[in-house]
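Chemist: Need coordinates for the following:
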Amino acid sequence: MRILVVLAALLAGCAGGRISDCTRIAGPGWSTLAQPPPNGAQLLGLENMPSDSHLVWLAKGSDHLLACNYAHSLVTPGCGGSSAYEFVLKDGRWSSRGQLLDECDLKLD
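Modeler: Residues are numbered from 1 along each chain as shown. Here you go, the predicted model:
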C-alpha cells in the first residue's frame with residue numbers, strides 16, 4: 001500500500017513538472033489546453049513529427065498554438081530538456097515558427 005501512495009505522489013509531481021516546464025518555454029500569456037487541438041496532427045506534420053498523445057498543448061488566443069514535448073534531462077539536472085514547436089495562423093493558413101528549446105537556469109560559481 002505504501003508503494004502505491006509513493007508512486008501516486010511521484011506521478012503527480014511529474015505531471016506538474018511537465019506543465020510548468022512547458023509553460024516556462026512558452027512564456028507569459030499562454031494557457032494549457034485540456035486536449036490537443038483538432039488540427040494537432042496536421043500541425044505536427046508541418047514539422048514532420050508524428051502525432052503524440054504525451055505532448056502538452058498550449059494556446060495564446062485562437063491564432064497561436066504550441067506543442068511541447070516534455071523531457072527531463074539526466075545529463076543536466078537543472079535543465080528540463082524539453083522542446084516545443086510554435087504554430088501561427090496567418091491569412092487562413094497555419095505555419096510553424098520552428099523549434100523552441102528549454103533554457104537551463106543554472107548558476108555557475
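Chemist: where does the chain dip in pLDDT?
Modeler: Within the chain, the segments meeting pLDDT under 70 span 1-17, 72-81, 102-109.
Chemist: Provide the count of other residues in contact range of residue 89.
Modeler: 15 (other Cβ atoms under 10 Å). Using the backbone N, CA and C atoms, a C-beta is placed for each residue, glycine as well.
Chemist: host element of it?
Modeler: Here residue 89 sits within strand 83-90, counting by DSSP states H and E.
Chemist: Against which helices or strands is that strand packed?
Modeler: helix 2-26, helix 40-45, strand 64-69, strand 93-101 (3 or more Cβ pairs under 8 Å, 6 or more residues apart in numbering; DSSP states H and E).
Chemist: The helix or strand that the longest one is followed by pairs with which strands?
Modeler: Going down the chain from helix 2-26, the next helix or strand is strand 31-32, by DSSP H and E. When sheet partners are counted by DSSP bridges, strand 31-32 sits next to strand 56-59 (antiparallel).
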